[in-house]
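[1] Sequence and predicted structure below; questions after.
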Amino acid sequence: EPEVTQTPSHQVTQMGQEVILRCVPISNHLYFYWYRQILGQKVEFLVSFYNNEISEKSEIFDDQFSVERPDGSNFTLKIRSTKLEDSAMYFCASTRGLGEKLFFGSGTQLSVL
Amino acid sequence: GENVEQHPSTLSVQEGDSAVIKCTYSDSASNYFPWYKQELGKGPQLIIDIRSNVGEKKDQRIAVTLNKTAKHFSLHITETQPEDSAVYFCAAGSPGGYQKVTFGTGTKLQVIP
């Protein structure tokens, strides 16, 4: 079965530093997402991306966050100035079309010190 | 916004017994209810989903039921096996809304051999 690939699997950074989390969605998928899961809490929606623009974002996705599809295969999440509370598991997801199966990657565990 | 509650948070069953996980949602406009299984070190994997025009759906040992009036839905796993041990998440969303889903808090299922 095709997979969504995320790198790195673990990222440790100092508070205030910028981080970029990388994802390679499934090749023929058109809709891309970032979710996050703080330890012991529920998986939360951050942002959806379609046709090279953000289609929806949550309250969590403030000005410190941005997403980009720099080429035909990668989808990135950037946090400009990390805070302690950004520590979480970040999941990338993609789907071919609305109403179709949503595939998740294995996640990047971000630790902000 | 949508709020999804999930119970129990942990569940232990003997191999061969049934397991039931229950969820409630708040937004009556939600019409898509997927269930995800998350194994250690992996992202959520869709195991079954149900849409609001259906009251029940079954796939081998897994079944989901939906009561739109009461705004609750359940996952039933019969003849449980040790490989069913994982964290299970329910979610609610609208397929037309770029497939953003709101997750429940998760249920850690342990199947005891």
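    On my side now, so go ahead. Note that this is a predicted model, so its numbers are computed, not measured.

[2] tell me the mean pLDDT for stretch A:82-95?
    For stretch A:82-95, the mean per-residue pLDDT is 95.

[3] Of all the residues in it, which ones are buried?
    A:T82, A:D86, A:S87, A:A88, A:M89, A:Y90, A:F91, A:C92, A:A93, A:S94, A:T95 (16 or more other CB atoms under 10 Å in any protein chain shown). C-beta here means a position set from N, CA and C on the backbone, and glycine is covered the same way.

[4] My guess is the fifth one contacts A:Q109. True?
    Yes. Using CB atoms under 8 Å, A:M89 and A:Q109 qualify as a contacting pair, with a distance of 5.2 Å.

[5] Quick check: bridge partners of the closest residue to chain B within chain A?
    The minimum distance from chain A to chain B, using CB to the nearest CB, falls at A:F104 (3.4 Å). On the basis of DSSP bridges, A:F104 is bridged to A:A93.

[6] Can you tell me how far it is from B:C23?
    Separation of A:F104 from B:C23 (CB to CB, to the nearest Å): 19 Å.

[7] before we move on, what about A:A88?
    A:A88 is 22 Å from B:C23, by CB to CB.

[8] State the helix or strand in which the residue nearest the centre of chain A lies.
    Most central in chain A under CA atoms, centre = their mean is A:W34, positioned 3.3 Å from the mean C-alpha point. If you go by DSSP states H and E, A:W34 is part of strand A:31-37.

[9] okay, the angle between the helix or strand following that strand and strand A:31-37?
    Sequence order places strand A:43-50 as the next helix or strand after strand A:31-37, per DSSP H and E. Put simply, strand A:43-50 runs at 160 degrees to strand A:31-37, going by axes from the mean of the first three to the mean of the last three CA atoms, to 10 degrees.

[10] quick revisit: show me what the strand holding A:W34 packs onto, helices and strands only.
    strand A:19-24, strand A:43-50, strand A:88-95 (3 or more CB pairs under 8 Å, 6 or more residues apart in numbering or on different chains; DSSP states H and E).

[11] CA-only coordinates of the last one in CSV, if you can.
    What that stands for is strand A:88-95. Extracted as CSV, the C-alpha positions of strand A:88-95 are listed here (Å, rounded to 0.1, in the frame of the first residue of the first chain):
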residue,chain,number,x,y,z
ALA,A,88,4.1,17.3,20.0
MET,A,89,3.9,14.6,17.4
TYR,A,90,3.1,16.2,14.0
PHE,A,91,1.3,14.1,11.4
CYS,A,92,1.1,14.8,7.7
ALA,A,93,-1.8,13.3,5.8
SER,A,94,-3.0,13.2,2.2
THR,A,95,-6.0,12.1,0.2
